[in-house]
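Chemist: Fold the following, please.
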Amino acid sequence: MPLSRGTIRIGFGEFVALAAALMSIQAIAIDSMLPALPTIVRVLHVADENNGQWVVTAYVIGMGLGQLFWGLISDRFGRRPVLLGGLALYIAAAVFCGLSDSFAAFLAWRVAHGVAAASVVVTRSVIRDLFSGRHMARVMSLTFMIFLMVPILAPSVGQLILSLAPWRYIFILLGVFAAAVWLWAFLRLPETLHPEYRLTLTRSHVVKAARLVLGNRESLFYTLAMGVMFGSILSYVGMMPQIFADFFRRASLMPAIFALCAASMGVAAYLNSRIVGRFGMRHISHTVLLMFIAVTALHVLVAAATHEKLWAFVLLQSATMACFSLTLSNFGAMAMEPVGSVAGIGASLQGFISTCGGAIVGAVIGRQFNGTTMPLAAGALCCGLASLLLVLFAEGGRLFRSHHLGEDASIDRGQVAMVRRRM
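Modeler: Below is the predicted model:
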């Protein structure tokens, strides 16, 4: 039967779409403004073009910081009010970003924007309230697949806005989009946290939950692996405007190429949703992680041996991002699996570690930009190798190992019995 809360009833398909919309407000605040990044750097008088990458980094750092408490308070007060409150703050921060008249003020509001956007980490807790194991990975993959329409479309939307209005209107429209999602969630999203699972926010409870999240080997190391992989993609996002302006000399093609590469992530996420129930999260993610390392190593060789052609960049980067999609959705599910009893705090701590860690990794790689694609390719390869090491720590030194029953569980009936999956 569908989800229900009082008079609110929502089917599985609408739930996946709403979860994707909630999660997408994080990505759209980055992707839609990428075409405007050179303009923002110029208008706000930023001397070093590489410092323009802080527009992305500041937002991501804010997301990481925000994830420390949104999930925590959702374990106490419920998922629904926290999501709605966070979205309201997101709307305000987006407007103030658009009104900023200095780079320092703009970066400060970008951090605040990221803090507010982090509230949608609670969406992962909502999914964990309802699903576990391979079915949770399937729902996350379906959500991720819809969510990936944002990087496919957002840069083109941002480019369209720039052709009609000043760059500030991009942030005004971000607020409008978030307001529409807020209304949808207000009208249609039920509360998924049962009253008996709400935690009292005492110091002892928080410490106990944190020990569970950080003390579990799989939770910790898969979270760190997520952060490293996320850093490789953040470096790509931050360097894309410069790569197309300074290396390929085709800045106008950036939105289309960005969309093309992002489409490979959507295809990979859909594929994962279809095969994860058969092959399992570990076999898929471990295999694809090795493929990620192979593809990025090939990219390094191409970048070093030749003046990389645009078609080669598109092929290699699309393959890299497809591998990223297949690994990250499964890594996220495996990190959450052991911490279902404290899903809110689990999502908060894991989100903080992976997001802030990814921001640091992405910023370090991005600062190495030298007018070529080599820093991007070499950085991604290093991230793949580091992630492999972390996965080996998580799995006790052995890949592809069979796991406990949790990976094969369907729905956590001890927590909720409100959803019947519609195939």
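Chemist: Could you measure from the closest residue to Arg168 other than its chain neighbours over to Ala27?
Modeler: In this structure, Arg168 finds its nearest non-sequential neighbour in Gly98, 4.1 Å apart by Cβ to Cβ, 6 or more residues apart in numbering. C-betas here are computed from N, CA, C, even on glycine. According to Cβ to Cβ, to the nearest Å, Gly98 and Ala27 sit 18 Å apart.
Chemist: Render the CA-only coordinates of stretch 317-331 in CSV, please.
Modeler: The C-alpha trace of stretch 317-331 is given here as CSV (Å, rounded to 0.1, in the frame of the first residue of the first chain):
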residue,chain,number,x,y,z
GLN,A,317,35.2,11.6,-18.9
SER,A,318,31.8,10.0,-19.7
ALA,A,319,33.2,6.5,-18.8
THR,A,320,34.8,8.0,-15.6
MET,A,321,31.4,9.5,-14.5
ALA,A,322,29.5,6.3,-15.3
CYS,A,323,31.9,4.3,-13.1
PHE,A,324,31.5,7.0,-10.4
SER,A,325,27.7,6.7,-10.5
LEU,A,326,27.8,2.9,-10.1
THR,A,327,30.2,3.0,-7.2
LEU,A,328,28.8,5.9,-5.2
SER,A,329,25.2,4.8,-5.0
ASN,A,330,26.2,1.4,-3.7
PHE,A,331,28.9,2.8,-1.4
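Chemist: before we move on, back to that, quick one, grab the pLDDT at the residue nearest to Arg168.
Modeler: Listed pLDDT for Gly98 reads 93.
Chemist: List the contacts of it.
Modeler: By Cβ atoms under 8 Å, 6 or more residues apart in numbering, Gly98 lies in contact with Arg168, Tyr169, Ile170, Phe171, Ile172, Gly175.
Chemist: Most neighbours among these, please name it.
Modeler: Ile170 (28 neighbours; other Cβ atoms under 10 Å).
Chemist: element containing that one?
Modeler: When elements are assigned from DSSP states H and E, Ile170 belongs to helix 168-188.
Chemist: Just the buried residues of that helix, please?
Modeler: 168-175, 177-178, 181-182, 185, 188 (16 or more other Cβ atoms under 10 Å).
Chemist: Output these as CSV; include the columns distance to His45 and pLDDT.
Modeler: Below are these laid out as CSV (distance: Cβ to Cβ, whole Å; pLDDT from 0 to 100):
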residue, distance to His45, pLDDT
Arg168, 16, 94
Tyr169, 20, 94
Ile170, 19, 94
Phe171, 18, 94
Ile172, 22, 93
Leu173, 24, 93
Leu174, 23, 94
Gly175, 25, 94
Phe177, 29, 94
Ala178, 29, 95
Val181, 34, 94
Trp182, 34, 95
Ala185, 39, 92
Arg188, 44, 88
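Chemist: TSV for the residues you listed, including distance to Asn51?
Modeler: Below are the buried residues of helix 168-188 laid out as TSV (distance: Cβ to Cβ, whole Å):
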residue	distance to Asn51
Arg168	20
Tyr169	23
Ile170	20
Phe171	19
Ile172	24
Leu173	25
Leu174	22
Gly175	26
Phe177	28
Ala178	27
Val181	31
Trp182	33
Ala185	36
Arg188	42
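Chemist: on contacts alone, who are the packing partners of the helix holding Ile170?
Modeler: strand 8-10, helix 12-31, helix 79-99, helix 149-164 (3 or more Cβ pairs under 8 Å, 6 or more residues apart in numbering; DSSP states H and E).
Chemist: 6 Å - rerun?
Modeler: helix 12-31, helix 79-99, helix 149-164 (3 or more Cβ pairs under 6 Å, 6 or more residues apart in numbering; DSSP states H and E).
Chemist: Determine which of those approaches Gly362 most closely.
Modeler: helix 12-31 (11.1 Å; Cβ to Cβ).
Chemist: model confidence over that closest one, on average?
Modeler: 87.
Chemist: Ok, stretch 70-77 next?
Modeler: 81.
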